[in-house]
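Enquirer: What would the 3D arrangement of this be:
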Amino acid sequence: MSAFSVSRRRILSLWLPRLPIDRIKRQPWRSNVTPAKAFASEVGTGSREENASQQNSNNHPSIVVARQNNALQIFALDDAAARLGLAVGLPLANARAICPQLQVFDADEAADAKTLNAIAEWCDRFTPLVALDSPHGLFLDITGCVHLFGGEAAMMRLVCDVLTAQGFTVSAAIAGTSVCARTMTRHVHGRIVRAGEEVDAMRPLPVSALGTDDAIITGLRRAGLKTIGDVASRARHEITARFGAGFTTLLEQALGQSDAPISPRKPLPDYIVEKRFAEPVATDGVISATLSRLAEMLVAAMAQQGKGARRLEAGFFRTDGAVRTIIVDTGQPVTKSEVIDRLFGERLEALSDPLDPGFGFDLIRLSASRTEIVVQQQRDLDANVHDNDELAALIDRIAARIGGRRVAVHLPQDTHIPERAVLTAPAQHHLAAAAQAVWPARVEGEPPLRPLRLFERPEEIKVIAQVPDGPPARFVWRRATHAVVRAEGPERIAMEWWQSQGERLTRDYFRVEDEAGLRFWLYRDGLYDREIEPRAGEIVQPHWFMHGLFA
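Expert: The predicted model follows:
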């Protein structure tokens with residue numbers, strides 16, 4: 001089905017105020033958790049001693065501290081610590097004085113961000129438009145998809161129940177704008193604000209719920225404006241003159257009078273098809289059959305608009321929250337479901353980390369994130385078209401197994417610098433350009449001007465030359481001495497000053513042959529009397545480099 005678009009938006013805001021402490025208490029004995037498994041349930045995977053240690057640690061008040069204003073302050077805390085009167089921002093010394101048995105953990109913003117991203121990956125099962133509301137929040141654009149889950153209330157309840165079961169404290173709200181929904185989550189859990197009810201819903205909330213700067217909140221309270229309703233009752237020009245246009249825009253978004261788009265983590269795919277299971281599936285046969293049916297549905301949806309897929313993504317959502325995504329690129333637009341099956345079969349077989357179903361997948365999704373219009377060609381009489389199709393299909397299968405960057409083509413570049421004369425590009429995306437590329441023709445009866453093997457970085461060598469600007473008579477390369485019996489050159493190549501950064505010296509290239517019949521391509525860096533100036537009383541030795549080997 002094609003990506004949806006409707007006029008009236010609905011935003012689900014999730015806020016996890018205790019994410020840092022919840023993350024630590026879920027896995028207290030583990031320090032290294034991969035992002036793909038950070039949200040996966042670990043119930044029953046630890047030993048009896050580890051589980052007992054977890055239960056004992058959960059009974060003690062726990063806090064997470066971070067250095068702020070040159071002092072350690074509480075960054076997050078659990079329910080037990082909150083019942084003792086501790087709060088975010090309280091210095092650690094004061095907290096220890098209140099509760100000596102306090103468990104203290106250091107803040108780890110990187111680990112918190114990984115956990116939040118893992119939760120966002122799991123939320124992709126509800127909508128492809130999931131945005132981060134840093135540091136501990138998410139936005140879900142649920143416009144047009146709530147009917148799949150029984151309505152807004154049922155969908156919000158499902159999301160919160162799963163997150164709560166995973167050990168996270170969560171607050172949620174739904175509104176027509178992201179600011180309104182986020183403001184509600186800070187004070188009212190589970191509120192659904194209908195269209196046109198934003199002003200009534202916002203009126204009793206304190207101004208601090210807007211999440212604006214502390215200086216603005218202090219100024220509003222000093223002016224006697226303690227609730228959002230008090231601020232909304234004043235004229236907009238008065239608020240703008242005192243607190244700035246940015247705060248006025250934020251207020252209007254909270255009241256539903258204007259809106260700003262959210263920034264999803266991933267771009268919306270062109271086409272999406274998915275299969276939800278009442279009971280989780282874990283066998284390879286069912287997974288392969290499901291992918292085949294989804295491929296047929298996807299191809300049928302694209303065929304209605306004459307398009308083919310260039311990038312395909314298969315998402316596997318496990319029941320414990322872990323999400324696995326497999327991406328396959330193609331060189332030409334794919335319009336056949338058999339090709340999609342073959343590519344994903346190659347990709348699944350070549351995975352270094354096999355697809356682990358765990359307790360099973362309850363959702364499998366197939367999407368075409370990049371599509372192109374299919375250009376019809378004469379395929380009955382033109383043999384070149386068949387050859388190109390077979391070559392492109394072969395490249396796609398190899399790329400799906402070993403990676404697209406490892407299958408490359410070489411394209412000529414308009415430059416005389418040897419190391420820049422050839423560009424290596426992925427074959428899937430540059431096959432047509434490689435077929436039409438024009439390379440310099442070789443002169444019949446003449447030896448090649450360029451070596452068969454060109455080093456990526458020239459290697460410095462030691463050279464003995466009869467004259468300063470003449471060919472070498474003997475050189476040492478990789479601790480082996482070579483006596484030169486034949487030499488051709490020099491071929492002078494000046495650097496491209498309009499592209500070079502800093503001073504680049506002119507090169508004199510020589511094709512030389514040693515007494516064993518080996519042929520080398522080497523050069524001297526710099527010209528005597530112009531770029532290499534002898535100093536008074538000193539002999540300046542030039543620098544020589546080995547750049548390639550002839551066959």
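Enquirer: how much space is there between E488 and A494?
Expert: Using C-beta to C-beta, to the nearest Å, we find E488 at a distance of 19 Å from A494. Using the backbone N, CA and C atoms, a C-beta is placed for each residue, glycine as well.
Enquirer: now A480
Expert: Between A480 and A494 the computed distance is 31 Å (C-beta to C-beta).
Enquirer: now Y523, which residues is it bridged with?
Expert: Using DSSP bridges, the bridge partners assigned to Y523 are Y509, F545.
Enquirer: do the same with R191
Expert: Counting by DSSP bridges, R191 forms beta bridges with A173.
Enquirer: Quick one, grab the pLDDT at it.
Expert: Note for R191: predicted pLDDT of 92.
Enquirer: out of A480 and A494, which sits in the busier spot?
Expert: Each of A480 and A494 has its neighbours counted (other C-beta atoms under 10 Å); A494 has more, 12 against 8.
Enquirer: who's in contact with the residue nearest to that one when sequence neighbours are not counted?
Expert: Nearest residue to A494, sequence neighbours excluded (C-beta to C-beta, 6 or more residues apart in numbering): T506, at 4.9 Å. Listed by C-beta atoms under 8 Å, 6 or more residues apart in numbering, the contact set of T506 reads 492-495, 526-527, 531.
Enquirer: swap the cut-off to 10 Å and go again
Expert: For T506, the contacting residues are 492-495, 523-527, 530-532, by C-beta atoms under 10 Å, 6 or more residues apart in numbering.
Enquirer: wait, doesn't R23 sit right on D78?
Expert: No. Applying C-beta atoms under 10 Å as the test, R23 and D78 come out as separate, 11.6 Å apart.
Enquirer: Just the element for L225, please.
Expert: L225 belongs to no helix or strand when elements are defined using DSSP states H and E.
Enquirer: Over to it: give its phi and psi.
Expert: Phi and psi for L225, reported as degrees, to the nearest 10, are phi -100, psi 90.
Enquirer: Could you report the neighbour count for it?
Expert: 20.
Enquirer: what does S134 give?
Expert: Using other C-beta under 10 Å, S134 has 11 other residues around it.
Enquirer: State the distance from it to R265.
Expert: To R265, S134 is 12 Å away according to C-beta to C-beta.
Enquirer: ok, V476 - contacts?
Expert: 461-464, 482, 544.
Enquirer: Go again with 8 Å.
Expert: V476 neighbours (C-beta under 8 Å, 6+ apart): 461-463, 482.
Enquirer: Please convert those residues to JSON lines, extending it with neighbour count.
Expert: As requested, those are exported to JSON lines (neighbours: other C-beta atoms under 10 Å):
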{"residue": "I461", "neighbour count": "17"}
{"residue": "K462", "neighbour count": "13"}
{"residue": "V463", "neighbour count": "22"}
{"residue": "H482", "neighbour count": "18"}
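Enquirer: Dump the residues you listed into a markdown table; add secondary structure and distance to P426 as well.
Expert: Output for the contacts of V476, formatted as a markdown table (DSSP: H, G, I helix; E, B strand; the rest coil; distance: C-beta to C-beta, whole Å):
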| residue | secondary structure | distance to P426 |
| --- | --- | --- |
| I461 | strand | 34 |
| K462 | strand | 39 |
| V463 | strand | 39 |
| H482 | strand | 38 |
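Enquirer: could you check the distance from M184 over to T177?
Expert: Using C-beta to C-beta, we find M184 at a distance of 11 Å from T177.
Enquirer: In terms of neighbours, single out the busier of those two.
Expert: Under the criterion of other C-beta under 10 Å, the comparison of M184 against T177 puts M184 first, with 27 against 24.
Enquirer: what does the model give the residue nearest to A494 for pLDDT?
Expert: Value for T506, per-residue pLDDT: 87.
Enquirer: Please apply the same query to G285.
Expert: Confidence at G285, expressed as pLDDT, is 88.
Enquirer: So which residues of the stretch 251-400 of the chain form strands?
Expert: With DSSP state E, counting those that start in this stretch as the criterion, the stretch 251-400 of the chain has strands at 271-281, 307-318, 323-334, 361-373.
Enquirer: now the angle between strand 307-318 and the first one, please.
Expert: Between strand 271-281 and strand 307-318, the angle formed by their directions is 30 degrees, by axes from the mean of the first three to the mean of the last three C-alpha atoms, to 10 degrees.
Enquirer: what sits up against strand 271-281?
Expert: Strand 271-281 is contacted from outside by 1-3, 128, 287, 290, 293-294, 297-298, 301-302, 309, 318-319, 357, 359-368, 371, using C-beta under 8 Å, 6+ apart.
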